[in-house]
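Undergrad: output the structure for:
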Amino acid sequence: MAVNLAETAKHKEIRYFLISFVDLFGVLRAKLVPAEAIADMQEEGAGFAAFAAWLDSSPAEPDMLVKPDPGSLIQLPWKPEIGWLAGDCWMEGEPMRDTPRLLLKGRLAAARQKGYRVKTGVEAEYFIVTPDGEAISDPLDIQAKPCYDQSALMRRYDVVSEICDAMLSLGWGPYQNDHEDANGQFEMNWSYDDALVTADRHVFFKFMVKSIAEKHGLRATFMPKPFPNLTGNGCHAHISFWDDAGTTNLFDDADEGFGLSPLAYNFLGGIIHNAPALCAIWNPTVNSYKRINAPVTLSGATWSPNMVAYGGNNRTTMVRIPDAGRFELRLMDGSANPYLLQAGIVVAGLDGIENARDPGKRTDLDLYAEGHKLRGARRLPLNLLDALRLFERDKVVRAGFGESFVKSYVKLKTGEWNEYAGAISDWERRNTLDC
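TA: Numbers count the residues shown, from 1 in each chain. The predicted model follows:
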């Protein structure tokens with residue numbers, strides 16, 4: 001039975017709804033709608049000017065209507081009179097299939113047609129910083145190896161526990177919170193689910209973490225590399241394919257190496273084959289490449305990949321196999337669009353399965369210290385422009401994401417690159433002013 005949002009508002013004492021969508025750059029956009037108006041909005045959608053967001057639109061185009069998905073409803077735990085809704089973008093009676101959430105839904109539908117149900121989890125790292133973003137918020141957090149530091153974790157107990165309590169109240173199944181490898185950095189883990197559910201929750205998680213940090217007079221950032229000497233913010237994804245009923249993990253095979261089935265290895269082959277091109281989606285900002293191509297950090301390791309390889313329980317490889325029936329893709333960073341992140345996984349994985357791609361031999365090397373010994377391994381792109389060029393000409397990407405999406409995404413992101421390239425940095429002034 002369809003959820004009636006007007007009735008839900010009365011039952012749950014919701015006064016306002018945030019009807020939201022995420023644009024191509026991962027920016028969360030919304031309109032605040034009073035509960036008295038939600039019935040019409042549920043039917044027709046909330047109106048937006050698409051050109052006002054990063055959606056490659058024109059001011060001459062008609063209204064974009066964002067239709068809320070009632071199944072995505074989340075009451076803000078810190079302000080329960082407001083209900084948040086993920087929405088799908090429509091224009092002139094047709095779904096805008098190049099918008100991130102609809103693009104992911106299309107890829108998931110393609111997987112379901114082949115009998116696969118995609119389940120994923122994410123590990124979204126973030127820093128808690130000062131309001132101006134210039135420094136970490138805890139001046140006592142100064143250890144060279146601060147990972148799991150109990151004292152530093154507990155100094156931010158009020159923020160971390162409020163976020164975790166919120167996830168508990170929402171039924172997400174959070175199971176651990178920790179201080180991460182960088183000073184001022186944290187990670188909170190919750191249970192995996194169907195990929196669309198994970199993506200919706202990932203979108204809300206970023207909003208929630210920022211909102212609760214602000215409530216405490218602080219600021220949270222998912223920026224890939226906010227501080228040059230510290231480990232960056234990754235967003236690792238744990239991936240498995242299930243049968244259509246969602247009861248049997250098709251990646252799980254106790255008779256195969258590392259407990260992965262032949263299907264899983266073909267899927268992994270698709271990830272290995274397509275990873276460099278998909279960096280444009282999974283590492284979508286100029287700053288992203290200061291994380292995956294970083295020098296050694298204060299803690300002694302970057303914890304991010306710099307070449308295309310997989311291994312067992314080895315955190316120096318791009319893909320880690322920590323347990324039977326799943327693998328962890330460690331390439332993505334905190335700036336990744338939650339919907340496009342998941343769509344890229346499905347595009348690469350289906351390509352691997354359809355073409356029976358071989359991921360090659362696993363590596364058991366410490367790639368940070370012995371990467372030079374891995375013959376034939378491909379390097380990841382060195383910057384956003386290189387990634388965009390790979391993305392634009394990749395046949396698998398163009399088939400999976402669609403020509404129109406690729407064209408729009410590359411155009412908008414190239415504009416961002418050009419803006420960056422035109423800026424004069426302090427480093428350039430210091431090193432070339434007197435040349």
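
Undergrad: which SS class is Pro131?
TA: Classification of Pro131 using DSSP: H, G, I helix; E, B strand; the rest coil returns coil.

Undergrad: which residue is the nearest non-sequential neighbour of it?
TA: Arg219 (5.1 Å; C-beta to C-beta, 6 or more residues apart in numbering). Where you see a C-beta, it was placed from the backbone N, CA and C, and this is true even at glycine.

Undergrad: try Asn189
TA: In space, Asn189 is closest to Gln176, 5.2 Å off (C-beta to C-beta, 6+ apart).

Undergrad: thinking again about what came up before, bridge partners for the residue nearest to Pro131, pull those for me.
TA: Counting by DSSP bridges, Arg219 forms beta bridges with Val129.

Undergrad: can you give me the neighbour number for it?
TA: When neighbours are counted by other C-beta atoms under 10 Å, Arg219 registers 16.

Undergrad: next one: Asp132
TA: Around Asp132 there are 7 other residues, counting by other C-beta under 10 Å.

Undergrad: got a list of what the nearest residue to it once chain neighbours are set aside touches?
TA: Leaving aside its sequence neighbours, Asp132 sits nearest to Arg219 (C-beta to C-beta, 6+ apart; 8.0 Å). Residues near Arg219 by C-beta atoms under 8 Å, 6 or more residues apart in numbering: 128-133, 137, 210, 213.

Undergrad: report pLDDT for Met1.
TA: Looking at Met1, its pLDDT reads 57.

Undergrad: I'd like to know how far the closest residue to Gly311 other than its chain neighbours sits from Leu102.
TA: Leaving aside its sequence neighbours, Gly311 sits nearest to Thr317 (C-beta to C-beta, 6+ apart; 4.0 Å). Distance, Thr317 to Leu102, using C-beta to C-beta, to the nearest Å: 33 Å.

Undergrad: more crowded one of the two?
TA: Thr317 (25 against 18).

Undergrad: distance of that one relative to Phe21?
TA: In terms of C-beta to C-beta, Thr317 sits 35 Å off from Phe21.

Undergrad: list phi and psi for Asp252.
TA: phi -90, psi 120 (degrees, to the nearest 10).

Undergrad: residue contacts, it?
TA: Residues counted as contacts of Asp252 (C-beta under 8 Å, 6+ apart) are 240, 259-261, 324-325.

Undergrad: now the two most distant members of these.
TA: The widest separation within these, taken as C-beta to C-beta, falls between Ser240 and Gly259 and amounts to 11.2 Å.

Undergrad: which one of these two is surrounded by more residues?
TA: The neighbour comparison of Ser240 against Gly259 (other C-beta under 10 Å) goes to Ser240, with 20 against 16.

Undergrad: doesn't Gly246 make contact with that one?
TA: No: at 10.6 Å, Ser240 and Gly246 do not qualify as touching, with contact defined as C-beta atoms under 8 Å.

Undergrad: give me the common contacts of the two.
TA: Shared contacts of Ser240 and Gly246 (C-beta under 8 Å, 6+ apart): Lys119.

Undergrad: hey, which helix or strand in this protein has the poorest pLDDT?
TA: Least confident element among the helices and strands of the chain, by mean pLDDT, DSSP states H and E: helix 367-370 (a mean of 90).

Undergrad: isn't there a helix covering Ala237?
TA: No: read with three-state DSSP, Ala237 is strand and lies in no helix.

Undergrad: Trp282 versus that one, what's the distance?
TA: Ala237 is 9 Å from Trp282, where distance means C-beta to C-beta.

Undergrad: again, but for Ile19
TA: As for Ile19, its distance to Trp282 is 28 Å (criterion: C-beta to C-beta).

Undergrad: cool, and Glu36?
TA: When Glu36 is compared with Trp282 (using C-beta to C-beta), they lie 41 Å apart.

Undergrad: higher neighbour count, those two?
TA: Shown here are Glu36 and Trp282; by other C-beta under 10 Å, Trp282 has more neighbours (25 against 11).

Undergrad: and the strands in the stretch 51-200 of the chain?
TA: Secondary structure of the stretch 51-200 of the chain (DSSP state E, counting those that start in this stretch): strands located at 64-68, 74-75, 82-91, 94-95, 117-129, 176-179, 185-189, 193-194.
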